[in-house]
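Visitor: Can you look at this prediction? I've put the sequence above it.
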Amino acid sequence: MARDRKIQGDKIAQGLTRRQLIELEACARCGECQVWCPVYAQDKRECITARGKLHSLRRLVEEGLPEDEKREFLEALYECSACGQCHIVCPVRINTPELWEQSRLSLANAGIPQPEGQIKQLATIKEFNNSFGKPQKERGLWAKTAWETGLLKSPLPLWRDHPTPLIYFAGCTASFEPIMQSVAVQTARLLQEAGVEFSVLGEDEPCCVSKLRRMGDSDFPLEAKKRLNQLEGMGITTVVVSCAGCFKGLHSDYSKLWPEKIHVIHLTQFLDHLVQEHRLRMEHEVPMVVTYHDPCHLGRHNRIYEEPRRILRAIPGLRLVEMTRHRAFSSCCGMGGGLKVANPEIQHKMGAERIREAESTGAEAIVTPCQTCSLGLMHGADEAGSDMKVYHLNEMIVRSVCPEAAREEITSAFAKAAAR
Amino acid sequence: MIDIPAVNYPKPWLLFWATVVLAHGYMDYTLYQKWKNWNQGITQSPANRGRWGRALKIWAAEVFLQRQLFGLSSFRWLIHLLIVFGFIALAFLSLSTFFLKLSDYLGVGRVVTHYFLQDNGYIFIKVWGDSFGLALLLGLVIAGVRRFALRPEQQINNQTDVFLLLFLLWLTLSGFMLEGLRLALVPAELARYSFIGRFFIPPGTYTIEELKPWLTLLWILHSFTGVGILVYLPHSKLLHSILSPLVIAMNALEEQERRDLYWPEIEKYRATKLPRG
């Protein structure tokens, strides 16, 4: 028994980096991670904190854990959105999000699989090339519908018909999730308004597979390489993404494995550039008070804090107020790291807490530049029973640039099209 | 030239050094075993090879100035700084005086040994020892008050935490007690430089013969407690005193581009330091 545990411990150790193994013992147990952890705020168990997880993982590697403790540790490891807040506040600078992801991978390789829900999700991504389990043929339908319903200035060119060096990568959520398709439509419309020459991939658009990395699937490098080869083979040089999760995957995870060959930029960076160059003319007043939610993958993980704020400040009539926790201290909505799949209840509570924080600023809406965070915050608003409006950043820009493409218009046009 | 009376009493040097060698050997072996385990892991080459200057700057700010802790809480920063620098300075003093006495015995570097053992340098040593001893003592007492009286929610206290705190407290107090006992045999005009140690002078007048057994006993207790640290270090929270700077150095090399992480804007950092309520 003890020998089996040791063998398993060694296997886990071999799947972690040397620095990560040292980090397991470097924790000073100060508990700063506990103070800031958005999951611990909902589930006050020591095992949830980075301190607790580090302690258990160290024991698992060194001597193994009794079954009940092991179960609790695994629960905690997957009940984590890998938001990176603990990394930011840790006095020892332990790189926790990277450690949790690598641990999940290493545990799976050592025969300790992910929770059932995550396994299903991973299989779906690999089978359908999207996380919604829908046929790829439906991926590009939003673009067709948007043109047919008059929401776009011109039909969106498909890359295969009209190859361009720059593409808009909508991502699974904006392509398949009905309440988030407005994000894709608005992005396309704004790029058209600014006169950007671009195309979309339609049914050729792959899933970025970053969720494979988040949940510790060993196929991630293989699947990611396939996608990278596909994009490179097409001669694409620049990819604009509107999802923070896709951005983290395509920009940060891919470039860790292979030198960055394709320039991946987030929509906020691109729109900020267009606003600075006066290519997006924000003429209509948007008389609103809004607060801004920094997505973890955009903010803490990639340091994109200023661009979205600059855009919001450029909108006439709009006033931006900050929440207590913002920028590097933005509280996670719970949608990342596979947490939503592993424990949706906790995600709803985390989203609700963020909504309550937004309410306390006096803002009438919370704005975020990520479709996945938008969805998470909407769950949060439902959970909190709040009337707080949740908008993607696009909505604010569209209201100023081309109000006819506002979310309500898109939703109603798409509903009518679906009814036909 | 100061007239410094010699306070000689028996010290079991042989036993002490034998214990030091054994304890050090044990610590080295335990750390080597750990190193072997860590080496099972995947080796990553630093992402920013060649930018050592910047990495060193980050490391110094994080390790010596404890910048991150300062950003989180100046109170905790102060406690940690008092303990860390108090401990390091006293360990350095112990080693230095050992080498000074050894040099004096061997007749090497007479100018230096004379200055520190029989001249004004003696005052410097006494003031140094008491200043950093006080820093360590204060740090430990405040840490104890914070941990056990203020009890912040984030702090977990287990037996090892209590033991470590008491262990270090005993090491500090026994040092002052030994100093106090020695000062009982030193003229008052010299004892005043040990501005904390003099509060530990026992009341009354004593001869060296009367105090010898107590001096020896306290020396043994203090010195062997110090050696105990070597044995306890790899198994305790103290290990972070070695590993934290190492991790910070590795992270500084691998992630130095993360300016928000390594050079946070302290004011903004503090403005948002209360995450809930």
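Guide: Here it is on my side, so go on.

Visitor: Please tell me the pLDDT value assigned to residue B:160.
Guide: Confidence at residue B:160, expressed as pLDDT, is 87.

Visitor: before we move on, what about residue B:253?
Guide: In this model, residue B:253 carries a pLDDT of 74.

Visitor: Now whichever residue of chain B sits closest to chain A: which helix or strand?
Guide: Here the residue of chain B nearest chain A is residue B:154; by Cβ to the nearest Cβ that distance is 3.2 Å. All C-beta atoms are positioned from the backbone trio N, CA, C, and that covers glycine. When elements are assigned from DSSP states H and E, residue B:154 belongs to no helix and no strand.

Visitor: quick one: contacts for the closest residue in space to it that isn't next to it in sequence?
Guide: Closest residue to residue B:154 apart from its sequence neighbours, by Cβ to Cβ, 6 or more residues apart in numbering or on different chains: residue A:31 at 3.2 Å. By Cβ atoms under 8 Å, 6 or more residues apart in numbering or on different chains, residue A:31 lies in contact with A:49, A:51, B:152, B:154-156.

Visitor: and residue A:31, backbone torsions?
Guide: phi 80, psi 10 (degrees, to the nearest 10).

Visitor: And the one 10 residues further on, by the same measure?
Guide: As for residue A:41, its main-chain torsions (degrees, to the nearest 10) stand at phi -60, psi -20.

Visitor: where are the low-confidence patches of the stretch 151-277 of chain B?
Guide: Residues of the stretch 151-277 of chain B that meet the criterion pLDDT under 70 lie in B:254-277.

Visitor: May I have the helix or strand harbouring residue A:12 exported as PDB, CA atoms only?
Guide: Assessed by DSSP H and E, residue A:12 sits inside helix A:2-14. Output in PDB follows, covering the C-alpha atoms of helix A:2-14 (Å, rounded to 0.1, in the frame of the first residue of the first chain):
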ATOM      1  CA  ALA A   2       2.700   2.500   1.100                       C
ATOM      2  CA  ARG A   3       4.800   1.300  -1.900                       C
ATOM      3  CA  ASP A   4       1.900   1.900  -4.300                       C
ATOM      4  CA  ARG A   5       1.500   5.400  -2.800                       C
ATOM      5  CA  LYS A   6       5.200   6.100  -3.300                       C
ATOM      6  CA  ILE A   7       5.100   5.000  -6.900                       C
ATOM      7  CA  GLN A   8       2.100   7.200  -7.600                       C
ATOM      8  CA  GLY A   9       3.700  10.100  -5.700                       C
ATOM      9  CA  ASP A  10       6.800   9.700  -7.900                       C
ATOM     10  CA  LYS A  11       4.700   9.700 -11.100                       C
ATOM     11  CA  ILE A  12       3.000  12.900 -10.000                       C
ATOM     12  CA  ALA A  13       6.300  14.500  -9.200                       C
ATOM     13  CA  GLN A  14       7.700  13.600 -12.600                       C
END
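
Visitor: Report all helices and strands that that helix contacts.
Guide: helix A:50-62, helix A:96-109 (3 or more Cβ pairs under 8 Å, 6 or more residues apart in numbering or on different chains; DSSP states H and E).

Visitor: hang on, the earlier thing: count of residues packed around the residue of chain B closest to chain A?
Guide: Using other Cβ atoms under 10 Å in any protein chain shown, residue B:154 is surrounded by 16 other residues.

Visitor: Tell me who's in contact with residue B:185.
Guide: B:5, B:7, B:206-208, B:211.

Visitor: now do 6 Å
Guide: B:7, B:208 (Cβ atoms under 6 Å, 6 or more residues apart in numbering or on different chains).

Visitor: now residue B:165
Guide: residue B:144.

Visitor: so how many other residues sit close to the one residue in the stretch 301-420 of chain A that gets nearest to chain B?
Guide: Residue of the stretch 301-420 of chain A nearest chain B, by Cβ to the nearest Cβ: residue A:329 (4.4 Å). By other Cβ under 10 Å, 22 other residues sit near residue A:329.

Visitor: ok, now residue A:170?
Guide: For residue A:170, using other Cβ under 10 Å, the count is 30.

Visitor: Pop out the phi and psi values for it.
Guide: Torsion angles, degrees, to the nearest 10, at residue A:170: phi -80, psi -30.

Visitor: From chain B, how far off is the nearest residue to it once chain neighbours are set aside?
Guide: Leaving out its chain neighbours, the residue that sits closest to residue A:170 by Cβ to Cβ, 6+ apart is residue A:184, at 4.2 Å. Distance of residue A:184 to chain B, computed by Cβ to the nearest Cβ, to the nearest Å: 30 Å.

Visitor: List the residues that contact residue A:184.
Guide: A:142, A:170, A:174.

Visitor: Can you tell me which of those is nearest residue A:306?
Guide: Taking Cβ to Cβ as the measure, residue A:306 lies nearest residue A:174 of those, at 23.7 Å.

Visitor: can you tell me how far that closest one sits from residue A:6?
Guide: Using Cβ to Cβ, to the nearest Å, one obtains 47 Å as the distance from residue A:174 to residue A:6.

Visitor: The two: which has the busier surroundings?
Guide: residue A:174 (28 against 14).

Visitor: which outside residues touch whichever strand or helix holds that one?
Guide: Applying DSSP H and E as the criterion places residue A:174 in helix A:171-176. Helix A:171-176 is contacted by residues A:130-132, A:134, A:139, A:180, A:183-184, A:207, A:243, A:246, A:371-372 when judged by Cβ under 6 Å, 6+ apart.

Visitor: which residue is nearest the middle of chain B?
Guide: Taking Cα atoms, centre = their mean, the centroid of chain B lies closest to residue B:87, which sits 1.4 Å from it.
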